[in-house]
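In: 3D, please:
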Amino acid sequence: MKQTSDQVVKSADVIGKKVISTNDEPLGKIEEIVLDKLNGDVRYAVLSFGGFMGLNTDYYAIPWESLSYCSEKEAFELGIDKDKLTSAKGFNKDNWPNFAEEYTRSIDDFYS
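Out: Numbering: from 1, shown residues only. Below you'll find the model as predicted:
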């Protein structure tokens, strides 16, 4: 497959992008990306969701493969709605999880 210039972006162009459900329901925005430091692959996008003005906002690690970019909407789409997202395993922005195998397996299973 030929790579085009719109497929390669800086992390700064991903962080802050909005995330919506496939039925255009706003879900939050990407706060961070999590990389596999051994092979360089993007493993997760960290989504902020809920709260008010940054207070009580939950963070969710979303497998990168679960997101698709919609250039017309200038947003990433995630194939779940708000209700399902609230049942996902989240974390506090000041208390990040250890992305060990057991934790990542539970995330991957939830979104697959």
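In: does Asp36 touch Trp64 like I think?
Out: No - checked against Cβ atoms under 8 Å, the pair Asp36 and Trp64 is beyond contact range at 10.1 Å. Every C-beta, even on glycine, is put in place using the N, C-alpha and C of the backbone.
In: any common contacting residues for the two?
Out: 42-43 (Cβ atoms under 8 Å, 6 or more residues apart in numbering).
In: the two: which is more packed in?
Out: Set side by side, Asp36 and Trp64 show more neighbours around Trp64, with 16 against 11, by other Cβ atoms under 10 Å.
In: identify the residues contacting that one.
Out: 33, 41-45.
In: so can I have a markdown table of these showing pLDDT and distance to Glu101?
Out: Compiled in a markdown table, the contacts of Trp64 are given as follows (pLDDT from 0 to 100; distance: Cβ to Cβ, whole Å):
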| residue | pLDDT | distance to Glu101 |
| --- | --- | --- |
| Ile33 | 95 | 19 |
| Asp41 | 90 | 15 |
| Val42 | 92 | 18 |
| Arg43 | 92 | 12 |
| Tyr44 | 94 | 14 |
| Ala45 | 95 | 19 |
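In: and those residues, which two are the farthest apart?
Out: Asp41 and Ala45 (12.5 Å; Cβ to Cβ).
In: go ahead and confirm Leu27 touches Phe49.
Out: Yes - counting by Cβ under 8 Å, Leu27 does reach Phe49; the two are 5.9 Å apart.
In: need the nearest residue in space to Leu27, chain neighbours excluded.
Out: Closest residue to Leu27 apart from its sequence neighbours, by Cβ to Cβ, 6 or more residues apart in numbering: Val19 at 4.6 Å.
In: tell me the SS of that neighbour?
Out: Val19 falls in the strand class when you classify it by DSSP: H, G, I helix; E, B strand; the rest coil.
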